[in-house]
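Undergrad: Provided below for reference: sequence and predicted model.
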Amino acid sequence: MDFSVKLDPQTIEVLKKQPDIEKKAVIKGLRDGLFFLEARVKERFGTPDNLRVRTGHLRRSITSKVEERGDLIVGIIGSKIIYSAIHEFGGFAGPNRRIYITARPFIGPEITKNEKKIADLIKDRVVKELNK
């Protein structure tokens, strides 16, 4: 699942003045934000408003990474386990795809709840890198 975080105009102006530091700092900051988000998603498993834990396999499979796509720096969080998408988005599953499973998102809501925190972590890392 990809997501975007908007930085405030002040931070963007600072980054424009330091292009050599910009990319590295944003990558490090996004990595910080993804580690935070990954921990939040994993700790929410088993809570009343989230998925129950049976084996812990899905929870352990959640990973995150940062990729560069041209001029974009993209944060990705998710699981490669086949049934993770059914839980997150809902859909048909089972033999001959006859059973409809209602979406029970476990990543998306955490992104929404923590968007400001993730942006703050990116901003903090950028400031830290600029002050080195």
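TA: Thanks, I have it. Residues are numbered from 1 along each chain as shown.
Undergrad: least trustworthy helix or strand in the protein by mean pLDDT?
TA: Here the helix or strand of the chain ranked lowest by mean pLDDT, DSSP states H and E is strand 2-3, holding a mean of 54.
Undergrad: how long is stretch 45-53 end to end?
TA: 6 Å (C-alpha to C-alpha, to the nearest Å).
Undergrad: just the residues contacting stretch 79-97, thanks.
TA: Contact with stretch 79-97 is made by 1, 51, 57-58, 61-63, 78, 98-108, as judged by C-beta atoms under 8 Å, 6 or more residues apart in numbering. C-beta: built from backbone N, CA, C; applies to glycine.
Undergrad: apply 6 Å and report the result again.
TA: Residues from elsewhere that reach stretch 79-97, judged by C-beta atoms under 6 Å, 6 or more residues apart in numbering: 58, 61-62, 99-105, 107.
Undergrad: quick one, longest helix in this structure?
TA: The helix that spans the most residues within the chain, counting by DSSP state H, is helix 19-44.
Undergrad: that helix packs against which elements?
TA: Judged by 3 or more C-beta pairs under 6 Å, 6 or more residues apart in numbering; DSSP states H and E, helix 19-44 is in contact with strand 63-69, strand 72-78, helix 108-130.
Undergrad: tell me the pLDDT of the most centrally placed residue in the chain.
TA: The geometric centre of the chain, computed from its C-alpha atoms, lies nearest to residue 77 (C-alpha atoms, centre = their mean), at 4.4 Å. Here the pLDDT value assigned to residue 77 is 94.
Undergrad: residues touching the residue lying closest to it once chain neighbours are set aside, list them.
TA: Of all residues not flanking residue 77 in the chain, residue 64 sits nearest, at 4.1 Å (C-beta to C-beta, 6 or more residues apart in numbering). By C-beta under 6 Å, 6+ apart, residue 64 lies in contact with 34, 38, 77.
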